[in-house]
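Trainee: Okay, sequence plus prediction incoming.
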Amino acid sequence: MKRTLMTAAAVCALAAAGACASTADPAMARTDARSPALAAQPATAETAIAFVAAAETRLAALSEEAARIQWTRATNITHDTMWLESRINAEYTELQVELANGAARFNDVQVPDDVRRKLNLLRLGIVLPAPNRPGAAGELAEITTRLDSTYSVGKFDFKGRQITLDEAEVMLAESRDPAETRALYEGWRTISPVMAADYSRMVEIANEGSRELGFADTGAMWRAGYDMEPDAFAAETDRLWTQVKPFYENLHCYVRGRLNAKYGDAVQPDSGPIRADLLGNMWSQQWGNIYDVVAPAEGGASSYDLTERLVASNYDARKMVETGEGFYVSMGLPELPETFWERSMITRPRDREVVCHASAWDLDNLEDIRIKMCTQVNGDDFYTVHHELGHNYYQRAYKDQPFLFRNGANDGFHEAIGDFVGLSALTPTYLNQIGLLQTVPGEEEDIPFLLKMALDKIAFLPFGLMVDRWRWGVFNGETSPAEYNDAWSANMLKYQGLVPPGPRPANAFDPGAKYHIPGNTPYTRYFLAHIYQFQFQRAACKEAGWTGPLHRCSIYGNKEVGERFERMMEMGQSRPWPEAMQAFTGESGNDASAVTDYFAPLNAWLTARNRGKDCGWQA
């Protein structure tokens with residue numbers, strides 16, 4: 001399953017990540033409030049209110065122009081579209097930096113709560129701030145566009161022909177030849193060494209900008225965006241990881257044993273870390289593709305295969321998306337606008353280079369919502385469609401908020417909305433409800449179902465942590481450019497218990513082979529989403545009156561849940577995220593116990609299978 005962006009581009013993420021939107025006249029972005037008049041006035045509550053109003057007008061105007069240019073580049077990568085995006089990204093970054101510095105003038109001024117929140121969001125919402133000096137924003141924009149495009153057009157030689165990431169992912173998922181999986185794993189990582197120098201320079205520029213805004217470094221600025229202090233947020237994610245880590249180690253131990261049985265000690269020993277390329281995913285972040293290898297020795301077969309059911313039911317890419325829309329509509333939410341179908345990129349074009357990484361877009365904050373996917377008819381993309389549309393429905397729900405509140409309660413919420421719906425979308429209950437299954441399998445298939453889910457959901461958790469743990473070390477200087485790759489491998493071992501299939505070259509830059517690094521998308525949001533979605537599921541199923549196992553609950557067609565869901569989404573970022581959590585779940589904090597509740601039968605089953613084994617690994 002793909003993990004996706006919720007924004008048009010990282011630089012278009014201000015406080016309203018995912019809300020590259022406006023109804024204002026773009027020309028106003030270059031004239032309104034550009035004069036020094038406001039800056040010359042005393043810092044009072046009245047001038048703060050005027051400053052925020054002018055800032056929202058300017059951001060709204062320029063963000064739509066930026067979003068449309070970014071969409072053009074993402075769906076048609078050429079020298080010219082890259083040039084256009086670099087220019088608009090630089091202009092947008094300069095505006096963000098100007099407004100962030102302006103907001104700091106009012107740090108000690110008593111203002112209404114909503115104005116204070118907007119001032120804080122102006123300072124916190126820049127993903128990569130450029131310093132306030134001539135040329136810095138332009139250089140940063142050129143680097144970020146080049147990094148993203150280098151990744152997106154990446155190809156490598158495999159058995160005498162050049163292949164794309166799309167092709168390599170399919171081969172890696174299906175291959176059971178360790179020599180071939182190693183070649184694919186290492187081959188894709190040949191596209192990223194060229195990024196290392198750009199990445200290092202980008203870090204220097206962004207850190208300079210972050211320090212001007214009053215943060216120790218860019219990582220500290222990212223962590224400050226969760227309605228708590230940066231160090232407190234890091235500690236909170238550590239606490240959540242502690243709640244779920246024993247379950248991950250249980251899964252790791254079982255999977256390692258099955259891989260050992262399949263490949264033998266020479267390929268995968270029955271102790272220590274797992275060889276990363278054997279897990280069926282280019283980044284080893286989800287392991288569902290190797291279910292056939294790790295399925296229970298007895299009773300592990302499912303009575304259906306979702307991909308086969310989709311093909312047999314004559315699904316195509318559009319029908320996949322229509323089915324996803326139908327889920328949200330069944331809960332009482334509105335149908336997608338006709339422009340969604342006219343303007344989205346649902347399949348990969350044959351005539352041009354594009355960014356295939358799935359993403360959801362909001363270009364004008366009215367009705368111009370879209371997705372960008374190279375959709376294939378399979379179970380993974382069936383889930384991804386439901387996930388991506390969650391972003392679009394969230395964007396639409398908060399469109400009436402002021403510009404700076406047009407965002408998820410935090411970025412983890414934006415990811416969790418679609419993941420929560422995806423939990424229902426993968427249940428046999430839902431597949432039966434929409435006619436893909438004639439009957440719902442009995443409890444004898446619960447362990448196979450939960451194991452498949454855990455191979456994706458639980459296996460992802462440490463990866464969801466390690467990506468930004470690596471970046472935080474890069475941003476704060478603990479990891480020098482010469483140590484980039486060694487630190488990445490060390491994090492793989494520490495958090496995931498994984499190692500590359502062989503020694504890495506001296507010039508390796510493996511982080512660059514994961515989209516969110518060159519794409520500059522903060523990643524802890526995905527870890528949080530993997531906690532929140534289960535909190536949402538537990539609360540929604542309780543609201544629906546479901547009394548069966550949590551993993552069998554589908555909220556398809558439940559308008560009462562849909563109404564409460566919509567109320568939470570409509571809040572946007574207008575209130576601290578615990579209040580949004582409270583509005584839907586009745587809980588005001590993070591609680592990973594919902595994860596263990598969902599998977600409790602599987603964890604007991606794994607514990608029994610692992611009895612007597614040497615679980616764990618040395619980091």
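Mentor: Sure thing, it's come through.
Trainee: residues contacting the residue nearest to Ser192 when sequence neighbours are not counted?
Mentor: Of all residues beyond its chain neighbours, the one nearest Ser192 is Gly512 (3.1 Å), with distances taken as CB to CB, 6 or more residues apart in numbering. Every C-beta, even on glycine, is put in place using the N, C-alpha and C of the backbone. Contact analysis of Gly512 by CB atoms under 8 Å, 6 or more residues apart in numbering lists 147, 151, 191-193, 195-196, 199, 518.
Trainee: again with Tyr393
Mentor: The neighbours of Tyr393, taking CB under 8 Å, 6+ apart as the test, are 328, 333, 417, 569.
Trainee: Can you turn the buried subset of those into a selection I can paste into ChimeraX?
Mentor: Selecting only the buried entries of the contacts of Tyr393 in ChimeraX, with 16 or more other CB atoms under 10 Å as the criterion:
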select :328,333,417,569
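Trainee: Return the item of the contacts of Tyr393 having minimum pLDDT.
Mentor: Among those, Ile417 carries the weakest pLDDT, at 94.
Trainee: Check which helices and strands whatever helix or strand that one lives in is in contact with.
Mentor: Using DSSP states H and E, Ile417 falls within helix 411-425. Under the contact definition 3 or more CB pairs under 8 Å, 6 or more residues apart in numbering; DSSP states H and E, helix 411-425 sits against helix 317-330, helix 379-397, helix 524-543, helix 577-585.
Trainee: Quick one: distance of it to the chain centre.
Mentor: Centroid separation for helix 411-425 versus its chain: 10 Å, with CA atoms, centre = their mean, to the nearest Å.
Trainee: Quick check: buried residues in that helix?
Mentor: For helix 411-425, by 16+ other CB under 10 Å, it's 411-425.
Trainee: which one is Cys541 nearest to, not counting chain neighbours?
Mentor: Counting by CB to CB, 6+ apart, the residue nearest Cys541 is Cys553, at 4.0 Å.
Trainee: any idea how far Thr375 is from that neighbour?
Mentor: Look at Cys553 and Thr375: by CB to CB, to the nearest Å, they are 27 Å apart.
Trainee: Okay, buried residues for the helix or strand containing Ile88 please.
Mentor: Assessed by DSSP H and E, Ile88 sits inside helix 79-104. Within helix 79-104, the residues that count as buried by 16+ other CB under 10 Å are 81-82, 84-104.
Trainee: so where's the stretch 1-150 of the chain shaky on pLDDT?
Mentor: 1-40 (pLDDT under 70).
Trainee: Excluding sequence neighbours, find me the nearest residue to Arg182.
Mentor: Closest to Arg182 by CB to CB, 6+ apart is Pro501, at 4.1 Å.
Trainee: Does the one you found touch Ala179 like I think?
Mentor: No - the pair formed by Pro501 and Ala179 falls short of the contact definition of CB atoms under 8 Å, at 9.4 Å.
Trainee: ok, those two, which is more surrounded?
Mentor: Pro501 (18 against 11; other CB atoms under 10 Å).
Trainee: ok, back up a step: of the helices and strands packed on helix 411-425, which is nearest Gly612?
Mentor: Nearest to Gly612 among the helices and strands packed on helix 411-425 is helix 524-543; the distance by CB to CB comes to 30.1 Å.
Trainee: how about the closest one: buried residues?
Mentor: Buried, per 16+ other CB under 10 Å, within helix 524-543: 524-541, 543.
Trainee: number of nearby residues for Ala67?
Mentor: 27.
Trainee: Kindly report the same for Ala580.
Mentor: 23.
Trainee: Nearest spatial neighbour of it, chain-adjacent residues omitted?
Mentor: Nearest residue to Ala580, sequence neighbours excluded (CB to CB, 6+ apart): Ala409, at 3.6 Å.
Trainee: Next up, the contacts around the nearest residue to Trp577 once chain neighbours are set aside.
Mentor: Leaving aside its sequence neighbours, Trp577 sits nearest to Ala409 (CB to CB, 6+ apart; 3.8 Å). Applying CB under 8 Å, 6+ apart to Ala409 gives the contacts 568, 571-573, 575-577, 579-581.
Trainee: Same question for Ala459.
Mentor: 248, 251, 279, 284-287.
Trainee: Looking at the residues you listed, which are in strands?
Mentor: Judged by DSSP state E, strands contain none of the contacts of Ala459.
Trainee: Nearest to Phe475 among those?
Mentor: Gln285 (21.7 Å).
Trainee: isn't that closest one right next to Ile458, touching?
Mentor: No - using CB under 8 Å, Gln285 is not in contact with Ile458; the gap is 11.4 Å.
Trainee: Secondary structure element holding Glu560?
Mentor: Going by DSSP H and E, Glu560 is part of helix 559-570.
Trainee: how much distance is there from that helix to the middle of the chain?
Mentor: 22 Å.
Trainee: which strands and helices sit next to it?
Mentor: By 3+ CB pairs under 8 Å, 6+ apart, helix 559-570 packs against helix 379-397, helix 524-543, helix 577-585.
Trainee: could you check the angle helix 411-425 makes with it?
Mentor: Helix 559-570 and helix 411-425 meet at an angle of 160 degrees, taking axes from the mean of the first three to the mean of the last three CA atoms, to 10 degrees as the criterion.
Trainee: what are the C-alpha coordinates of helix 559-570, in PDB please?
Mentor: Extracted C-alpha coordinates of helix 559-570, given in PDB (Å, rounded to 0.1, in the frame of the first residue of the first chain):
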ATOM      1  CA  LYS A 559     -25.000   8.200   8.600                       C
ATOM      2  CA  GLU A 560     -24.900   8.800  12.300                       C
ATOM      3  CA  VAL A 561     -21.100   8.100  12.300                       C
ATOM      4  CA  GLY A 562     -20.900  10.200   9.100                       C
ATOM      5  CA  GLU A 563     -22.500  13.200  10.800                       C
ATOM      6  CA  ARG A 564     -20.100  13.100  13.700                       C
ATOM      7  CA  PHE A 565     -17.200  12.500  11.400                       C
ATOM      8  CA  GLU A 566     -18.200  15.500   9.300                       C
ATOM      9  CA  ARG A 567     -18.400  17.700  12.400                       C
ATOM     10  CA  MET A 568     -14.800  16.900  13.300                       C
ATOM     11  CA  MET A 569     -13.600  17.500   9.800                       C
ATOM     12  CA  GLU A 570     -15.300  20.800   9.500                       C
END
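Trainee: buried sites along that helix?
Mentor: 561-562, 564-566, 568-570.
Trainee: is it possible to export those to CSV including distance to Arg396?
Mentor: Converted to CSV, the buried residues of helix 559-570 look like this (distance: CB to CB, whole Å):
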residue, distance to Arg396
Val561, 18
Gly562, 14
Arg564, 17
Phe565, 13
Glu566, 10
Met568, 14
Met569, 8
Glu570, 10
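Trainee: Farthest-apart pair in these, please.
Mentor: Val561 and Glu570 (14.9 Å).
Trainee: Least confident secondary structure element in this protein?
Mentor: None of the helices or strands of the chain scores lower by mean pLDDT, DSSP states H and E than helix 37-40, at a mean of 58.
Trainee: Next SSE downstream of that helix?
Mentor: helix 45-74.
Trainee: Which other helices and strands does that next one contact?
Mentor: Helix 45-74 packs on helix 37-40, helix 79-104, helix 113-124, strand 359-362, strand 369-372, going by 3+ CB pairs under 8 Å, 6+ apart.
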